[in-house]
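**Q** sequence and predicted model, in that order:
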Amino acid sequence: MVSQKPVTAGDVPRKQGTDLLYSLIAQARQYRDAVILGRGDPDLDTPAHIVAAANASIEAGERTSSPVNGLPELRQAVARRVRRVNNITVNPDSEVIITNGGQEAVFLMVQTALRPGDEILVPVPTYNSYDDAIRFAGAVKVSVPTFVDRNFVVEPARVRSAITPRTRALLMVSPCNPTAGVIPPKAVRELVEIAAEHDLLVLADEIYDQFLYDGAIHLSPASLDLGRERTITINSVSKTYAMTGWRVGWVVGPEHLMKRLSRLKTGVSGPTSVVAQRAAIAALDGPQDCVREFLEIYKRRRRLVLDALDAMGFKYGIPFGGQFAFADISPTGLDSLSLVQRVLDETHVLIYPGFAFGQDWESFVRVTYLQPDEVLRDSLERVKHVVLSHGTGSRS
Amino acid sequence: MNPTTGAAPDQDSRVLLAGIGYASMPISEEARSSALDALERKQTHYAPVAGIEPLRSAVASYLATLGLDVPAQRVIITGGAQEAIFLALQGMTRPYGDATTARGDREARYLADYDVVRDLLPVAIPAVVDPGVRAALDVRERRVTSMPVDEQASLLPTVAAIEQALEQGSKLIYLESPGRLTGSIYTHSQVRQIAGLLQTHDAFCVWDQSAAPAVAGEYKSLAALEPERTAAVGQLWPGQGLETWQIGYVVAPAVCLESLVALKQVLSICTSTPAQWGACGAAQAFPTEHAVLKSRLEAARHQMLSGASGDPRVLPGQSVHVLALQLGDAAAAAHERLTAQGIPCEDGTAYGAPGVLRITVLPEREAGEAIRDVLRGDAPW
C-alpha cells in the first residue's frame, strides 16, 4: 500500500449526491492501490468486434454527418433491439433518438416530461442524477419509499397514494440503481394502469435490463398496450457491453414526445459522436455471446458480494438485477459516510455511501461487483476486516 | 396536460444546427493514430468529467495562440461546440447541485436560483445568432433579450447595443466573434470596450470563438482581456475533419468552474473517451495543417470576391471560411442556384437574418463565377 494519505475524513466537506461521489472518487484516486467498488464502470473490456467497428471507421477517416437524432443505421439497430429484448415496437425514423450515453438520455427524458412545478413520483432510493435533472427542470420530486425487507420493490399502492393534481410523471428504474431491485411484472402492469388512470407519463430506465438473476423477469412498461403512448424508455450500451467511455445511449417513445426530445437534444448537444455510434451498431447488431458471458461473470461476483455482506451481518434487498447490492449497515452503528470513509482510509477500498442517494439512506452502502474476481474477493475481505475488527457487524 | 396528445409545448423539432460551417480536410494521420492507439490501450471507460488531461493541456496551448493564458484546469472538454454553448449558457445562469451554498457572495448573486434567473436576469443574445444558441436557451424557461445588430455591416451587436442590454439588467450576454453567419469579428478596440462594460456592470459573457482560427489578421478574444468574466467556447479542431467526432471546449471563469463541471457530469458524465484521444492527436497536426487550409481558403474567398469589390451586398467579414451576401428577396433563388452547383450555402433566416445568404468557402471549389452571377442578378432563375 502507498503511504501517502493527503486527505482524510475531516477534509471532506458534507457534500451530497453526485458531488459527494466524485469527491470520494477523487480521494480514492490518491491511493495507487485504490479499488473502487462503488462506481458503475465495468472492469471488463469492450468486446473486440465492437472495437473493430470503431477502428474501421477511424482508419477510413469517416466523416459521415449524423442527424441530431442519430445515424439511421443505429436507430434501426435500436428499434430491432427493443423489439427483441423489450417487446417494444417503435418506428426508427420518428421514435428513436441516440444520446450521449444513458446519462444524457436521463437528462433529456426528464426535461421532455416535466415543466416547472410539475411533480414526478420517484421510488427511492434512486440514481442521484435524477435529482439533478429534476431540479434542472424546476420540477418537484415526490419520493415513494421502498424497503429493504421487501427487496426494494415499488409498491403500486404507495404510488397511488402519492398522486396529486400536479403529478405529471412516474419514474420506474428497473432493475434499480442503487438497490438492484426489479419491479415484478404484476407490479409493472398495475403501475402502468395507475399511470393511465391518472394520465401520467411513465419514465422507464432500463439500463440494467440485461442483468437479471435468480429467475427475475423484467417487463418493459412500453410493451404494454396502456403504456405504449405514455412511456419514454431509456437505455444504453454502456453497462451491457462494457462501453461506458464511448457515450452512446438511446431514448425510445411515442413520436409526439420524441419530437420535443429531439428539439431538446438539438439545444443540449447536437449529434452524438459518429465513431461511437459505429461501435454501438456493432454492439447491438453483432454477436451477443459477450452479454451472456458478462452475465455469468456477474452472477459469480454477485455471489461473492452477497456472501461477504452475509458475513458482515448486513441486510440487503435481494439484488435481482444490476451490478451491485445495496446493504443496510445499521449493525455497525455508523452512518454510511463514516463507514465508507473508515473503509477507504484503512483499506483504500471505496464503496458508495447510501447518503449520496438521499438523506434517508444514511445506514446503507452500495457495493458494485465491477472488479476482477480476485480483486473483488480481496477487497471484500479487507472491508470485512474493518467492519468486524471495529466491533461492528456480526459474524455469521 | 395530456401526455398522450403531445401536451408539451413544442416548436419545430427539425431545427438544424448550422455547426460552424467550416470547410474540412481529411482526418489527419495523427488523429487517427491517436484514437486507434487509445483503443489498443483499452481507453474505453469513463474519462474524467472535465476531460482527459492531455487534451485539456492541448486546448490550453491552443488558446495561448489566441492570447488566452489559462491553465489546463480551467478547460472543460465537451461533446461538441453545441454542448459547450449549452453548458456555458445554462451553467452560468443557474447554480448546480447543492454546492451553491458553499460559494462566494458574488457568485451567489449572479448564479442565482431559478426564479431569479427567470424574472430578473435576462440573458442577452444577438438578434442575429446561430440557431443553436436559441435552442440551448429554449431547454429551460428563461427571459431572453435580443441585442440589435449593425445591419449595414457585421450583423454583430454594436458596443452600444451591448451596453444597452447591460443597462437594462442583463448579467449574462452571449457574443460570437467571428459571427457564425458572417465571419465578422470585434476589433481589438471593441473587445476592450466590451471588457470595460462587463466590469462596469459586473456582468459575464459567453464568447463563441469557434471559428477564430479562420480570421485573417489580428484576432482578440474577450477571454484574453476578461478571463474571470468570460466563458470562451469553441470546437476542436476547426477544419481537421473531426466535426462528427463532436469535441468542443469551454474555458470557464474560476468562479463558475465547479458548477460547469457539475453540470457537465449531469449532462453526459464525460465526453467520448476515444474521441478525446483522437482530438489529442489532431492537436499535434493542427498548427501546420490548418495553416495550409487557411491559406487555401483565403485564396478561394479572394477568387469568389473578384469582381465584387465595393458591392454593398457583400457583408464584411474577416474570416476566410465564410462569405455572407445581403440579397434580400433574391436570397432564396440564389440559395437554390448555388446549392444546385454544389456550393454549400445557408439561408440566414434561421439565424434571424432573412435575405442573407451564408456561403461556406471551400478550398477546392472555384465559385467566383457563380457568385458574380448572383450579384449581377441576371442569372436565368
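**A** In hand now; what should we look at?

**Q** any idea which residue sits dead centre in chain A?
**A** Geometric centre of chain A, nearest residue: A:Asn177, 4.5 Å, by CA atoms, centre = their mean.

**Q** chain center to stretch B:242-262: distance?
**A** From the chain centre to the centre of stretch B:242-262 is a distance of 12 Å (CA atoms, centre = their mean, to the nearest Å).

**Q** briefly note if that stretch comes near chain A.
**A** Yes - contact of stretch B:242-262 with chain A (CB under 8 Å from any CB of the partner chain) involves B:243-246, B:262. All C-beta spots, glycine's among them, are computed from the backbone N, C-alpha and C.

**Q** can I get that stretch in CSV, CA atoms only?
**A** Listed next in CSV are the C-alpha coordinates belonging to stretch B:242-262 (Å, rounded to 0.1, in the frame of the first residue of the first chain):
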residue,chain,number,x,y,z
LEU,B,242,-13.3,15.9,-36.7
GLU,B,243,-16.7,17.6,-36.8
THR,B,244,-18.5,14.3,-36.5
TRP,B,245,-16.4,13.2,-33.5
GLN,B,246,-18.1,16.0,-31.6
ILE,B,247,-15.4,17.6,-29.4
GLY,B,248,-15.7,21.1,-28.1
TYR,B,249,-14.4,23.1,-25.1
VAL,B,250,-15.3,25.7,-22.5
VAL,B,251,-12.8,27.8,-20.8
ALA,B,252,-14.5,28.8,-17.6
PRO,B,253,-14.0,31.7,-15.2
ALA,B,254,-12.8,30.4,-11.9
VAL,B,255,-15.9,31.3,-10.1
CYS,B,256,-18.0,29.2,-12.5
LEU,B,257,-15.7,26.2,-13.0
GLU,B,258,-17.1,24.0,-10.3
SER,B,259,-20.7,24.5,-11.3
LEU,B,260,-20.0,24.0,-15.0
VAL,B,261,-18.1,20.7,-14.3
ALA,B,262,-21.0,19.6,-12.2
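
**Q** tell me which element the nearest residue to the residue nearest to the centre of chain A once chain neighbours are set aside falls in.
**A** Of all residues beyond its chain neighbours, the one nearest A:Asn177 is A:Tyr127 (4.5 Å), with distances taken as CB to CB, 6 or more residues apart in numbering or on different chains. Assessed by DSSP states H and E, A:Tyr127 sits outside every helix and strand.

**Q** now swap in A:Gly215 and tell me
**A** Using DSSP H and E, no helix or strand contains A:Gly215.

**Q** contact partners for it?
**A** Going by CB atoms under 8 Å, 6 or more residues apart in numbering or on different chains, A:Gly215 touches no other residue.

**Q** cutoff 10 Å now
**A** The contact partners of A:Gly215, by CB atoms under 10 Å, 6 or more residues apart in numbering or on different chains, come to A:Phe320.

**Q** tell me the confidence at it?
**A** We note a pLDDT of 97 for A:Gly215 in this prediction.

**Q** ok, back up a step: now the residue nearest to A:Asn177: how far from A:Cys176?
**A** Distance, A:Tyr127 to A:Cys176, by CB to CB, to the nearest Å: 8 Å.

**Q** which of those two has more neighbours?
**A** More crowded of A:Tyr127 and A:Cys176, by other CB atoms under 10 Å in any protein chain shown: A:Cys176, with 31 against 22.

**Q** check contacts around A:Met258.
**A** A:Met258 sits next to A:69, A:90-91, A:94-97, A:112, A:232, A:251-252, A:265, B:13 when contact means CB under 10 Å, 6+ apart.

**Q** for the stretch 251-396 of chain A, just list every one of the helices.
**A** Secondary structure of the stretch 251-396 of chain A by DSSP state H, counting those that start in this stretch: the helices cover A:255-268, A:274-285, A:289-312, A:336-347, A:373-389.
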